[in-house]
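Novice: This is the structure alone, sequence omitted:
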């Protein structure tokens with residue numbers, strides 16, 4: 001080997017080593033969905049609780065909602081809990097050692113029935129802080145229940161839950177004069193990130209053989225609450241859900257409880273808003289639109305009980321009272 005070739009080889013090795021180290025330190029914008037297996041009960045059924053917009057160190061009735069979740073969770077013997085984002089107010093976590101994690105999560109949801117896996121997505125308030133802290137495996141070591149990722153799939157055999165990172169879709173967060181600072185590490189370049197999320201979601205949904213397809217995101221696709229519809233999701237996400245016969249879309253963001261039904265030629269999607277884990281009562285109700293089945297401007301959460309033929313959804317208030325419930329029949333593809 002000549003000296004020049006030797007120097008070239010060493011240089012190439014140095015470049016490769018630098019690239020490897022860089023890729024380990026900087027999160028990729030490729031949004032390939034990771035699948036997590038979470039088996040159902042022995043009889044094939046599944047039960048869970050869903051809430052969003054909750055992390056306020058127990059204030060604004062967060063502790064009371066948590067107490068009722070514990071009671072309902074015990075009654076239903078829930079398999080896991082879903083958080084639809086805005087997990088820590090006002091500005092997410094500062095880091096993995098932020099006391100807000102314990103004060104808003106570990107020390108609040110203490111009921112035995114809630115000592116199950118929590119699957120969470122990021123909300124816009126989470127992106128205002130150190131977003132990657134919530135994704136860090138260190139938090140799972142602090143509290144093993146916690147699992148937060150950008151976009152992923154939970155496979156429970158009869159149902160698959162497709163968690164989608166919706167904040168990067170919303171244009172206003174990227175405006176030069178945006179009111180708040182957002183931690184977009186791992187997201188930029190934005191359009192590449194969004195393209196990958198949509199591509200991978202479409203593939204995951206098309207390959208799913210589950211009885212129930214449920215998509216979870218922070219922002220509403222359809223809502224009559226304070227924030228209303230999210231036009232970017234209607235344009236980019238909704239067509240994929242319709243094409244792949246998604247049954248439920250669950251979200252937070254609006255601090256209320258809602259059920260909106262949307263019938264389509266290929267089936268129907270039920271839009272379920274559950275963003276009332278703490279601060280609510282905003283008093284901003286938009287004009288009713290087609291398909292609105294229920295709206296409650298107050299704190300609460302919802303439960304879902306699934307088997308091969310039916311899905312029963314119930315909404316609860318801060319006192320544990322059922323405000324609204326409905327059943328989906330997989331045989332009839334209709335609401336009762």
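Specialist: Yep, that arrived. It should be emphasised that the depicted structure is a prediction, and the values quoted were computed from it without experimental measurement.
Novice: Please point out which parts of stretch 61-76 sit buried.
Specialist: Within stretch 61-76, the residues scored as buried using 16 or more other C-beta atoms under 10 Å are 61-70, 72-73, 76. (Glycine included, C-beta is placed from N, CA and C.)
Novice: any idea of the mean pLDDT for it?
Specialist: The average pLDDT for stretch 61-76 rounds to 98.
Novice: got a list of contacts for it?
Specialist: 47, 49, 51, 54-56, 78, 81, 104, 108-114, 116, 276-278, 280, 299-301, 303, 305, 316, 318-320 (C-beta atoms under 8 Å, 6 or more residues apart in numbering).
Novice: quick one: which of the buried residues of stretch 61-76 sit in strands?
Specialist: Judged by DSSP state E, strands contain none of the buried residues of stretch 61-76.
Novice: Go through those and name the one nearest residue 203.
Specialist: The closest of the buried residues of stretch 61-76 to residue 203 turns out to be residue 76 (C-beta to C-beta; 32.4 Å).
Novice: hmm, back to that, return the subset of the buried residues of stretch 61-76 lying in helices.
Specialist: If you go by DSSP state H, the buried residues of stretch 61-76 have 62, 63, 64, 65, 66, 67, 68, 69, 70, 72, 73, 76 in helices.
Novice: and which of the residues you listed is nearest residue 251?
Specialist: residue 65 (17.3 Å).
Novice: remind me which residues of the stretch 151-300 of the chain are low pLDDT?
Specialist: 263-267, 287 (pLDDT under 70).
Novice: And the helices in it, which stretches?
Specialist: Assigned by DSSP state H, counting those that start in this stretch, the stretch 151-300 of the chain shows helices spanning 190-207, 231-236, 238-243.
Novice: can you list those helices in TSV and add mean neighbour count and distance to residue 123?
Specialist: Below are the helices of the stretch 151-300 of the chain laid out as TSV (neighbours: other C-beta atoms under 10 Å; distance: least, C-beta to C-beta, whole Å):
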stretch	mean neighbour count	distance to residue 123
helix 190-207	16	16
helix 231-236	15	14
helix 238-243	18	19
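Novice: Residue 146: which of those is closest?
Specialist: Nearest to residue 146 among the helices of the stretch 151-300 of the chain is helix 190-207; the distance by C-beta to C-beta comes to 22.2 Å.
Novice: quick one: that closest one to chain centroid distance?
Specialist: Relative to the centre of its chain, helix 190-207 is centred 16 Å away, using C-alpha atoms, centre = their mean, to the nearest Å.
Novice: cool, stretch 200-211 as well?
Specialist: 17 Å.
Novice: per the record, what domains does the protein have?
Specialist: 1-29, 31-335 (automatic domain parsing).
Novice: Deepest in the core, which of these is it.
Specialist: domain 31-335 (a mean of 19; mean count of other C-beta atoms under 10 Å).
Novice: just the buried residues of stretch 61-76 now: which is nearest residue 85?
Specialist: Here the nearest of the buried residues of stretch 61-76 to residue 85, counting by C-beta to C-beta, is residue 62; it sits at 15.0 Å.
Novice: Apart from its neighbours in sequence, what residue is nearest that closest one?
Specialist: Leaving aside its sequence neighbours, residue 62 sits nearest to residue 278 (C-beta to C-beta, 6 or more residues apart in numbering; 3.9 Å).
Novice: phi, psi of the one you found?
Specialist: With angles defined as degrees, to the nearest 10, residue 278 sits at phi -150, psi -100.
Novice: got it, and residue 150?
Specialist: Given degrees, to the nearest 10, the pair of backbone angles that residue 150 has is phi -70, psi -60.
Novice: Now tabulate the buried residues of stretch 61-76 in a markdown table and tack on distance to residue 156.
Specialist: As requested, the buried residues of stretch 61-76 are exported to a markdown table (distance: C-beta to C-beta, whole Å):
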| residue | distance to residue 156 |
| --- | --- |
| 61 | 30 |
| 62 | 27 |
| 63 | 29 |
| 64 | 29 |
| 65 | 24 |
| 66 | 24 |
| 67 | 26 |
| 68 | 24 |
| 69 | 19 |
| 70 | 22 |
| 72 | 19 |
| 73 | 16 |
| 76 | 15 |
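Novice: Much appreciated, bye for now.
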